[in-house]
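> mind folding the following:
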Amino acid sequence: MTNDREERFQTFFTERGARYENGKLLGFGEPSSTSEPEKPILSVLNQKALLQVSGPDSMKFLQGQLTCNLDTLTTGQFSGGAACTPKGRMFTSFILLKASEDQFMMAMHQGLVESTRSCLGKYAVFYKTELTPDQKYVCLGLSGNAVEEKIASVFNDVPDGNSALDIDQQGWLLNVSGSVNRFELWITFEHLATLWEKLTEQFTPKGQHHWQLLDCLAVEPSLSPETANNYIPQHLNLPSLKSVSFRKGCYTGQEIVARMQNLGQLKSRCYRLSSDQQLTVEPDTRLFNSAGKGIGEVIESIQTGQGTELLAVIRVESAQENDVRLEGEEGPKLNCQPLPYEIDPKQELQY
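Residues are numbered from 1 along each chain as shown. This is a model prediction of the structure:
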């Protein structure tokens, strides 16, 4: 069953050449490979949605709930982050933008918006703040070679660092580049209609599969409904991605997260795995070593023209030994790829 937002989504993009099957966006025009990360692509991130947090106490409220440090953000700046249970398990991960002094926008998997509102709402009742799913925005990804030049030709500017570019007070453009150069555009449906022609002159539109490939190549995981409440932030490498601050003070779950970082005893973390086979692998699928012992779970996977790319939380020793298999000891072997960024727990404590 589709909701009003999904129906608007489907109508908007179908009118612009999108192909849907059972309500799922497959792409635009003819099917194409998802294994060309250098191509200039506009990815429709139809699984991502925004949660608005607004009110005079919003800053104080969120600072006591999220892993990122809001005190370091000025209006128009953003940060990755997560929110945890008292036991340190993440129930959501997101990109948070400070839209104004008393308004914040959180972009996350759309399947986590309501559960996030419910979990945070237990604490929000003590503050002058409101949590509201904002359904008027579309989330898009812009990526590929010369992406900055192409963005400049559309918007006459390019955001840098963690400062978002205000798009005619109808949305924001965020430079989310890490090991892969890319940007996110959060824009209202109405304003996207005026930008669509300019955007598609510079970028080829696709579904979210291309963005998932970039997530895998960059080893930048995020939570989905299937993986929520399973991991602490270190399992998804969030301190290394600067989505956790160890100098901000207390927040829900902080004691568990800080203790793990200080003790340095993490036995599992997120890695990129590759196969030359076309595999269909669902989130939370168990993974094993060659002895048949369970060593972790899949976060997400995507088929490419050459095989399959996955992000998975697995035992560090299995990653170091490149000993990862699907479906037990007789299953397909998955090759562990080097992380594209450094893991330095002591240095991360300074963030």
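> how far out from the middle of the chain is stretch 337-345?
Here stretch 337-345 is found 18 Å from its chain centre; the criterion is C-alpha atoms, centre = their mean, to the nearest Å.
> point out where the stretch 1-150 of the chain drops to low pLDDT.
1-2, 30-35 (pLDDT under 70).
> now the helices for it?
Ranges of helices within the stretch 1-150 of the chain are 4-14, 58-63, 113-124, 147-155, based on DSSP state H, counting those that start in this stretch.
> out of these, nearest to Ala258?
Checking the helices of the stretch 1-150 of the chain against Ala258 by C-beta to C-beta gives helix 58-63 as the closest, at 15.7 Å. (Each C-beta comes from the backbone N, C-alpha and C, glycine too.)
> quick one on the thing from earlier: go through the helices of the stretch 1-150 of the chain and pick out the most buried.
Stretch with highest mean neighbour count among these: helix 58-63 (a mean of 20; mean count of other C-beta atoms under 10 Å).
> pull the CA atoms of that one into CSV?
This file holds the C-alpha atoms of helix 58-63, laid out as CSV (Å, rounded to 0.1, in the frame of the first residue of the first chain):
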residue,chain,number,x,y,z
SER,A,58,14.8,21.9,19.8
MET,A,59,18.6,22.5,20.1
LYS,A,60,18.7,21.6,23.7
PHE,A,61,16.5,18.5,23.2
LEU,A,62,18.5,17.1,20.3
GLN,A,63,21.8,17.7,21.9
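> pLDDT wise, what is the residue most central in space within the chain at?
By C-alpha atoms, centre = their mean, the chain has its centre lying nearest to Ser222, at 4.3 Å. pLDDT recorded at Ser222 is 97.
> pull the contacting residues for it.
Contacts were defined as C-beta atoms under 8 Å, 6 or more residues apart in numbering; by that measure Ser222 touches Ser93, Phe94, Met108, His109, Asp215, Leu236.
> Thr75: how many residues sit nearby?
13 (other C-beta atoms under 10 Å).
> measure the residue nearest to the centre of the chain to Ile302 for me?
13 Å (C-beta to C-beta, to the nearest Å).
> how about Lys60?
In terms of C-beta to C-beta, Lys60 sits 39 Å off from Ile302.
> what's the answer for Phe288, then?
Phe288 is 21 Å from Ile302, by C-beta to C-beta.
> cool, and Gly249?
38 Å.
> can you tell me who the closest residue to Ser177 other than its chain neighbours pairs with across the strands?
Distances taken as C-beta to C-beta, 6 or more residues apart in numbering put Phe183 closest to Ser177, at 7.3 Å, once the chain neighbours are dropped. Beta bridges link Phe183 to Leu142, Asn175, judged by DSSP bridges.
> same question, Glu21
Beta-bridge partners, per DSSP bridges, of Glu21: Lys24.
> quick one: the helices in the stretch 201-350 of the chain?
Counting by DSSP H, counting those that start in this stretch, the helices of the stretch 201-350 of the chain are 209-218, 254-263, 316-321, 345-348.
> any idea which of the ones you listed gets closest to Glu327?
helix 316-321 (15.3 Å).
> what sits up against the closest one?
Counting by C-beta under 8 Å, 6+ apart, Leu266, Lys267, Ser268, Arg269, Tyr271, Asn289, Ile295, Gly296, Val324, Cys336 sit against helix 316-321.
> for stretch 116-131, same thing?
Under C-beta under 8 Å, 6+ apart, the answer for stretch 116-131 is 51-58, 60-61, 64-65, 83, 85, 91-92, 94, 106, 108, 132-133, 252.
> what does stretch 184-203 give?
Contacts of stretch 184-203 (C-beta under 8 Å, 6+ apart): 8, 12, 16, 40-42, 45, 50, 95, 97, 105, 107, 136-142, 144, 150-151, 153-154, 167-168, 170-174, 176, 205.
> show me which of the residues you listed are buried.
For the contacts of stretch 184-203, a burial check counting by 16 or more other C-beta atoms under 10 Å picks out 12, 41-42, 45, 50, 95, 97, 105, 107, 137-142, 144, 150-151, 154, 167, 170-174, 176, 205.
> now, these that are in strands?
Secondary structure from DSSP state E places 41-42, 50, 95, 97, 105, 107, 137-142, 171-174, 205 of these in strands.
> hang on, the earlier thing: pull the number of nearby residues for the residue nearest to Ser177.
So Phe183, with other C-beta under 10 Å, has 22 neighbours.
> how long is stretch 108-116 from one end to the other?
This stretch, stretch 108-116, spans 9 Å end to end (C-alpha to C-alpha, to the nearest Å).
> please disregard the earlier target; I meant stretch 305-319.
24 Å.
> buried ones in that stretch?
Result for stretch 305-319 [16+ other C-beta under 10 Å]: buried residues Thr308, Glu309, Leu310, Leu311, Ala312, Val313, Ile314, Arg315, Ser318, Ala319.
> surely Gln212 and Glu300 touch.
Yes. Counting by C-beta atoms under 8 Å, Gln212 touches Glu300, with 6.2 Å between them.
> who's in contact with the closest residue to Val244 other than its chain neighbours?
Residue nearest to Val244 in three dimensions, not counting chain neighbours: Thr67, with 4.4 Å by C-beta to C-beta, 6+ apart. Applying C-beta under 8 Å, 6+ apart to Thr67 gives the contacts Gly81, Ala82, Ala83, Cys84, Pro233, Leu238, Ser243, Val244, Ser245, Tyr251, Gln254, Val257.
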